[in-house]
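Student: I would like the atomic coordinates for the input below:
(chains A and B)
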Amino acid sequence: MSGAGRPGAGWWLLLLPALVLVVVFYVAPIAQVLTISVTEPEPGLGNYERLFTSPAVQRVILTTLRICIITTAIALLLGYAIAYAITLASPRARGWWILAVLVPLWISVLVRAFAWVTLLRRQGLVNNTLLELGVIAEPLPLVWNEFGIIVGMVHYMVPFAVLPMLASMREIDPRLLAAARGLGASRGEVFRRVFLPLSMPGVIAAGVLVFIFSLGFYITPAILGGGKTLMVAEWIGLQILDLVRWGLGTMMATMLVVAILLTLAVFSRIVDLRRIFGAGG
Amino acid sequence: MQSFHEDCVALAMRRFRRGEVGRRALLRGLAGLGLGAMAVPDALAQAVRQIVMVNWGGIANQGFGRFYGEPFMAANPGWRVVQDSTGPSAGRIRSMVESGRVTWDICDSSATTSHLLGGMNLLTRVDYGVVKREDVIGPTFALEFGAAPYSFSSVLVYDSSKFPTAPTGWADFWDLQRFPGTRLLRRDAAGALDAAQLSLGKDPANLYPLDVRASLERVRQIRRNLVFWTSGSESEQFMRTGEAVMGQIWHTRAKVLEQETNGRIKFIWNQGILQPGIMVIPRGNPAGAMVQNFLASMLANAEQQVELLKFLGNGPTNPRAAALVPEEYRRFNPTDPANARVQVPQDGQWWGANYARVNADYIDMVTG
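Tutor: From the prediction side, this is the model:
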C-alpha cells in the first residue's frame, strides 16, 4: 500500500491547472468581494458589529433561519414518505415514481413560483374552489406571506430531500426487515427499530442539503412573499444594487458563506457527506 | 429602428475594438454578412463613434431607440446610438465606474440615484453650456448630475367596482373604513412616504422635508392591509387580479389598466407624485463630451417627446410639448398643465440626501 497509494508530485502537477483555474476565477473574486465587508464604509469590523446591534439585520437572519428550518422539516417529512414508498415499490412502479420526483426538478423555478401565485391568490384556484364549496366565506391569505413562501420552497426542495434518502434506504438489506418480522416484531416496530435507524444517515444528509440550499433562496421568496418577507439573498441584492451599501451587503454574504461552511463542517462529522454529494462510494 | 443585421455589424465591430477578434476575422465576418471590404472604412468610422444608452428593458428599449436615438443620429451623421437593456441600477453603475472599464454613456436613472452616485463622485456633471435649462418645465427636471427628457408620476389607482364613491387623494387611501380592502404600495420609500405625508394633511407646497418618523408610522398603521410591488408588471398584476383594491403605481401602468379593464380600474392625477426620468452619465463614459449633445437633443426635441408619450406613456418635459399633444392623449400626460397642477413634484434633492437611510428604515418597517 505504501508506495502506490500515495499520489506523487506528478499527480499534483496534473491537478495544478484545475486548481489554478478555481483559485483565479472563483476563490480570488469571492475573496475580493468579501473583503469589502471590512473596508467599507471605513476599515474595521463596523459592519459585523451590526449583527449584534441592528434589529433589522437580526430580523433578516431570524426570518431566513425560521423559513429554512420549517421548509427543511416539511420537505424531509414529505420526502421520507415518498422515498419509503419508492423503496417498497415494484421495480416497474419505481421507475415511474422516480420520474415523477425528477420532472419538477427540470421546470424553471420562476415558472413554478408563478404557478403557485395562480393557485394561491385571492381569486386563485384554491380559494375559488373553497368559496364555491361554501367551506370558507372569505378568501384565505395563502400567498404574499411566509405561508406562500414555504409552500413554494417545499415544492422546490422535496426532490432534493427524496434523492439522498432514497439512496440510503435502498442500501438497507430487506432481509433485515424479514428477520425482524420473523423474530416477532410488529410492522410498526420493524419500521421504528430497524428501518428508521438504518435510514438516518440519508435523512441527515438530505436535511443538510435542503437547509443549505434554502439559505440562499432568492426568486421564490421574492415572488411569493408579496414584498413583506425579506430573506438574506434578496436583502443582499437590495443593499448592493439599490442602496449601494456594499459593506453591509458583503458582510451578510460572508455570513451566508460562513453559515454554509459551518453547517457542512458540523454534519460531515456525523455522516459521510462526500458520498451523498456524489463523490462516489 | 435598428435591424438585426445592423446589430450583427455592431457586435462584430465591438469585438474588434475590444481586441477579441483580429482585423482579418472582422473582414471575413463582415463579408459573411454581405458587406464587402468597401463598406468597412465607413462601418469602422461609425462604430467607433457610438453612444450607449442603458434602459430597463421591455418596450423602453424600442421607444428610447426610436424617439431619442434616431433623431440624434439623423442630425449627427457618423454617430450611432445603441440601446442596452441591462438595467442601470445604482450598484451596477458604481461597480462599472470603479472597475475603470466604463462601457455605458447614458443611463435611465432617477433623481435620487443621481444625487446618491453624484455624491460618491461616480457621475459626470451635466454641462449646462450644452444642455439648455429652458428646455425643461421646472427645476426638478434639470439637476446637477442628470437631466430628465421624460417624466412619470406615482398615482392613486383604484378598483371602481369595489367602492360606491371614488377616492380623491391619499387621505382616502389611508381610510380603511370608507374604502375597505387591500392596498398596494411600491417597496420603495420614495413615493410611498410622500403619499403618507400628504395623507396627514401637510400642505403640498411645503411637503419637504418629510417628517420621516410620522410618515413611516402612517404606513405602519395600515401594514396589515398592504402588499408591495417591486416591478411595474407586478403592480399591474396585483390590481388586475383583484389582490389589491387601491394602489400607488406608475401612471404608465395605471393607463394600461384603465384602458384594458374598460374603466373598471381608474386612476386620478390628484396628489400624484410627479417625478423626473433623470438620465445620468457614468464618469469616464466612452463617448466623452458628445453625450452632453445627445442629452441636449433629447430635452430639446419636443415633437419626439410627444411621440414617446403616445408610444410608452412617458410624459414630455419640454415646455413646448404639452400643446403638441393630441386631445385624446392629454388625459394621460403627467405634464399636461391641467394634470401637473394637481400633482406634487417630488423633491429629488431631499430624497437624494436622505434616501439610503430612509429607505432602509422603510424596508425594515415593511418586513418587520
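Student: can you tell me the element the nearest residue to B:G69 once chain neighbours are set aside falls in?
Tutor: Spatial nearest neighbour of B:G69, chain neighbours left out: B:V81 (3.4 Å); criterion: CB to CB, 6 or more residues apart in numbering or on different chains. For the C-beta atoms, the positions are set from N, CA and C on the backbone; glycine is no exception. Following DSSP states H and E, one finds B:V81 within strand B:80-84.
Student: so which other helices or strands are in contact with that strand?
Tutor: strand B:50-54, helix B:70-75 (3 or more CB pairs under 8 Å, 6 or more residues apart in numbering or on different chains; DSSP states H and E).
Student: can you do 10 Å?
Tutor: helix B:4-17, helix B:39-48, strand B:50-54, helix B:60-64, helix B:70-75, helix B:290-300 (3 or more CB pairs under 10 Å, 6 or more residues apart in numbering or on different chains; DSSP states H and E).
Student: would you single out the least confident of those?
Tutor: Ranked by mean pLDDT, the helices and strands packed on strand B:80-84 end with helix B:39-48 at the bottom, a mean of 48.
Student: got a list of what the residue nearest to B:G69 touches?
Tutor: B:2, B:50-53, B:64-65, B:68-73, B:105-106, B:287, B:291, B:294, B:297-298 (CB atoms under 10 Å, 6 or more residues apart in numbering or on different chains).
Student: if we go to 6 Å?
Tutor: B:51, B:53, B:69, B:72-73 (CB atoms under 6 Å, 6 or more residues apart in numbering or on different chains).
Student: can you tell me which two in those residues are farthest apart?
Tutor: Spatially, the most separated pair among these is B:M53 and B:M73, at 11.5 Å (CB to CB).
Student: distance of the residue lying closest to A:L209 once chain neighbours are set aside relative to A:I236?
Tutor: Distance criterion CB to CB, 6+ apart; nearest residue to A:L209, sequence neighbours excluded, is A:F160 at 5.5 Å. Using CB to CB, to the nearest Å, A:F160 is found at 22 Å from A:I236.
Student: ok, these two, which is more surrounded?
Tutor: Each of A:F160 and A:I236 has its neighbours counted (other CB atoms under 10 Å in any protein chain shown); A:I236 has more, 21 against 18.
Student: of B:M53 and B:M73, which one has the most company?
Tutor: Set side by side, B:M53 and B:M73 show more neighbours around B:M53, with 26 against 19, by other CB under 10 Å.
Student: isn't that one right next to B:D108, touching?
Tutor: No - counting by CB atoms under 6 Å, B:M53 stays clear of B:D108, with 7.7 Å between them.
Student: returning to that earlier point: give me the mean pLDDT for the strand holding B:V81.
Tutor: 94.
Student: same question, stretch A:147-159
Tutor: Here the average pLDDT along stretch A:147-159 is 95.
Student: dump that stretch to CSV, keeping only the CA atoms.
Tutor: Provided in CSV are the C-alpha atoms of stretch A:147-159 (Å, rounded to 0.1, in the frame of the first residue of the first chain):
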residue,chain,number,x,y,z
PHE,A,147,-47.0,30.6,4.2
GLY,A,148,-46.8,31.1,0.5
ILE,A,149,-43.0,31.2,0.6
ILE,A,150,-42.8,27.9,2.5
VAL,A,151,-45.3,26.2,0.1
GLY,A,152,-43.1,27.3,-2.9
MET,A,153,-39.9,26.3,-1.3
VAL,A,154,-41.0,22.9,0.0
HIS,A,155,-42.3,22.2,-3.5
TYR,A,156,-38.8,23.0,-4.9
MET,A,157,-36.9,21.1,-2.2
VAL,A,158,-38.8,17.8,-2.0
PRO,A,159,-36.8,16.1,-4.8
